[in-house]
Every structure is written in structure tokens, then in C-alpha cells.
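J.: could you look at this predicted model? Sequence included:
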Amino acid sequence: MIKNKTSKDQIASGWINGFIGVLLFSGSMPATKLAVMEMSPIFVTIARAVIAGILALSVLVLYNEKRPEKEQFFSLVLVAVGCVIGFPLLSSLALQYVSSAHSIVFLGMLPLATAIFGVLRGGEKPHPIFWLFSVAGSLLVIGYAFAQGISASPIGDVLMLLAVALCGLGYAEGAKLSKTLGGWQVISWALIISLPAMLLLFFIYFPDDLKIISFKGWFGLGYISLFSMFIGFIFWYKGLAQGGITSVGQLQLLQPFFGLALAAYLLHEQVSFGMLGVTIGVILCVAGTKKFAK
């Protein structure tokens, strides 16, 4: 009885930590948009990794954390490729072609991508009906993109699709590794693996004139460096490890809702009824996926 209660408490904690992570991630696309409006997408990607990497290195030294095992290195590389480099770079490039509100809708596909890699890399086996709800939420997102005229910005949409795929891989791989290495340790070591190359590129792509960058640009870069690239992952990976990759991963369906609200408030971007309808639709899928995740 005590074991069952402990298991339920752990799952509940997983959902709470996962929700906090999603809430912090929700500001990523609007904040990235603020940054890339005044800085190159490549520099934004590099700078956020460098800032978060230095913070991660400081924390690891402070707590005197032991180095990962050799067999954990490959997983850390996948996390770095998916979450430190792939998603930040591709999404930053995409925001040159689409609005942050449009890109946020694509994030409704992240739960499905995470669940797929959770099965492939994490060995989880959700109920078949789980996939019905997960796919339904993703189809709403894809349908909306085509309804808006995907040919209007094919480059931006393709970049977002690739970004989502890499991010799903990084989420699932990091969650699996968090069970043995620890949540904040996973993202910290992934950042440190990327740090030497990122530091070199940082000076190569450093802006010629810092005076043209406003407070909004620096604020956007600061947010994605601290919260999107480091702090958010501490809660997110812990939540995925506690409650299950496929189950807690569906909380990402809430991310477009929070993200659209922030895009409308910070960037004064138009949020159409179509966007709201799609967002509400994918949110309703959370209940179904939660019930059939195990």
C-alpha cells in the first residue's frame, strides 16, 4: 500500500514539475522572436548555449558533480544535438519567415514527437488508444498550418517541423538519462559538451555593433538562455523521469496556449480564432492521452 502511494506521489510530482517546465518553455518562441529581430539567428543560438553552458559549468563545479559514465556520453550528445543546437537554431531560423504565434502552433506536435522517441529510446509502451489522442492533437496542428497556406512560407514551416523532431528526440533521450544521471545534470553536461565549439563560434559571430540591440533584444536573449536553455530543463527532465515520457510529455499540448498569450501580449501579434480553436482542440487531447499513457 505504501509502495502504491509512493508511486502515485511520484507521478503527481512528475506532472507538477512537467507543468512548471512547460510554463517556462512557453516564453521561448516570443523571447526568441525578440532576439532574432535584432540579432542573427546563428548568434542567438550560440549565445544562449554559451550563457547557459557557463551557468551549468558553475553549478557542476559548485556541487562537485561526478563525470558521466562512458556509456552515457552518446545520450548526452543526442540531447545536445536536439535541445542545445538543433531546436534553438532551426526555430530561430524559422522565425525569420514566420511569426512567433505561427511557430508556436507547431509546438503542438512536440508531444507526439516526444512520445514516439519515448517508445523508441525509452522503451515505454502506452495504450493503443493513447496514440489516437496524441495523433488527433498533432493533426489539428498540421491541418491549421495547411489551412493558413503552408506554401506561403514553406521554408519556415519545414524548419519548424525539423526543429520539433530534434527537440522530441532530445526530450526523450534526456528523460531516459535523467533516471540515472539526474535532471539538471543531464542538461548541464549536454551544455558543457557543446561549450568549447560554441565559445569559438561566439567570437566569430559576435555582432559588430552592440548599440543597435535594444533592451527587448537583450531581454529575449536572456530569457531563452536562462529559462529556456537551463532552468526549464531542470523541471522538465525531472517531470518526465518521474511521471513517464509519454504521459507527462503530453503537457506540451498546453504550451501553445501559454505561448500564444505571451506572443499577443509582448509582441502584439494577432492571435486569430483559428489559432485559438486549434489550441483548445489540442488541450482537450491532454485528458485522453493522460488516461491511456500507461
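T.: On my side now, so go ahead. Residues are numbered from 1 along each chain as shown.
J.: measure the nearest residue to Ile16 once chain neighbours are set aside to Leu23 for me?
T.: Of all residues not flanking Ile16 in the chain, Gly239 sits nearest, at 7.3 Å (C-beta to C-beta, 6 or more residues apart in numbering). C-betas here are computed from N, CA, C, even on glycine. According to C-beta to C-beta, to the nearest Å, Gly239 and Leu23 sit 11 Å apart.
J.: more crowded one of the two?
T.: Gly239 (29 against 16; other C-beta atoms under 10 Å).
J.: could you say which helix or strand holds that one?
T.: helix 232-243 (DSSP states H and E).
J.: tell me, how many residues neighbour the nearest residue to Ala80 once chain neighbours are set aside?
T.: Nearest residue to Ala80 in three dimensions, chain neighbours excluded: Ala190, at 4.3 Å (C-beta to C-beta, 6+ apart). Burial of Ala190 is recorded as 31 neighbouring residues (other C-beta under 10 Å).
J.: contact partners for Ala190?
T.: By C-beta atoms under 8 Å, 6 or more residues apart in numbering, the residues touching Ala190 are 76-77, 79-80, 83-84, 174.
J.: and which of these is nearest to Ile46?
T.: Val84 (10.4 Å; C-beta to C-beta).
J.: residue contacts, the closest residue to the closest one other than its chain neighbours?
T.: Nearest non-adjacent residue to Val84, counting by C-beta to C-beta, 6+ apart: Ser194, 4.7 Å away. Contacts for Ser194 (C-beta under 8 Å, 6+ apart) come out as 49, 53, 80, 84-85.
J.: buried stuff in the helix or strand where Ser194 lies?
T.: Secondary structure from DSSP H and E places Ser194 in helix 183-204. Buried positions in helix 183-204, judged by neighbour count with 16 or more other C-beta atoms under 10 Å: 183-195, 198, 201-202.
J.: thinking again about what came up before, you'd agree the residue nearest to Ile16 is up against Leu24?
T.: No - with contacts counted by C-beta atoms under 8 Å, Gly239 stays clear of Leu24, the gap being 11.5 Å.
J.: which strands and helices sit next to the helix holding Gly239?
T.: Helix 232-243 sits against helix 2-25, helix 154-181, helix 183-204, helix 245-248, with contacts defined as 3 or more C-beta pairs under 8 Å, 6 or more residues apart in numbering; DSSP states H and E.
J.: all helices for the stretch 1-150 of the chain, in order.
T.: 2-25, 28-36, 41-62, 73-79, 87-94, 100-106, 110-122, 128-147 (DSSP state H, counting those that start in this stretch).
J.: residues near Ser58, how many?
T.: Ser58 - counted by other C-beta under 10 Å - has 11 other residues nearby.
J.: low-confidence regions, the stretch 1-150 of the chain specifically.
T.: Along the stretch 1-150 of the chain, segments meeting pLDDT under 70 span 1-6, 141-142, 144-146, 148-150.
J.: would you mark the buried spots in stretch 118-125?
T.: Buried, per 16+ other C-beta under 10 Å, within stretch 118-125: 118-119, 121-122, 124.
J.: report the two of the buried residues of helix 183-204 separated the most.
T.: Across these (C-beta to C-beta), the longest gap, 27.1 Å, separates Gly183 and Leu201.
J.: possible to save the contacts of Ser194 as a markdown table with distance to Leu34 and neighbour count?
T.: A markdown table is the format used below for the contacts of Ser194 (distance: C-beta to C-beta, whole Å; neighbours: other C-beta atoms under 10 Å):
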| residue | distance to Leu34 | neighbour count |
| --- | --- | --- |
| Ala49 | 18 | 29 |
| Gly53 | 21 | 25 |
| Ala80 | 25 | 25 |
| Val84 | 20 | 28 |
| Ile85 | 21 | 19 |
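J.: just put the residues you listed in JSON lines and tack on distance to Thr32.
T.: Shown next, in JSON lines, are the contacts of Ser194 (distance: C-beta to C-beta, whole Å):
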{"residue": "Ala49", "distance to Thr32": "13"}
{"residue": "Gly53", "distance to Thr32": "18"}
{"residue": "Ala80", "distance to Thr32": "19"}
{"residue": "Val84", "distance to Thr32": "14"}
{"residue": "Ile85", "distance to Thr32": "14"}
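J.: the helices and strands packed on helix 232-243: which one's closest to Ser272?
T.: With C-beta to C-beta as the measure, helix 154-181 is the member of the helices and strands packed on helix 232-243 nearest Ser272 (16.6 Å).
J.: report the inter-axis angle for the closest one versus helix 41-62.
T.: Counting by axes from the mean of the first three to the mean of the last three C-alpha atoms, to 10 degrees, helix 154-181 points 10 degrees away from the direction of helix 41-62.
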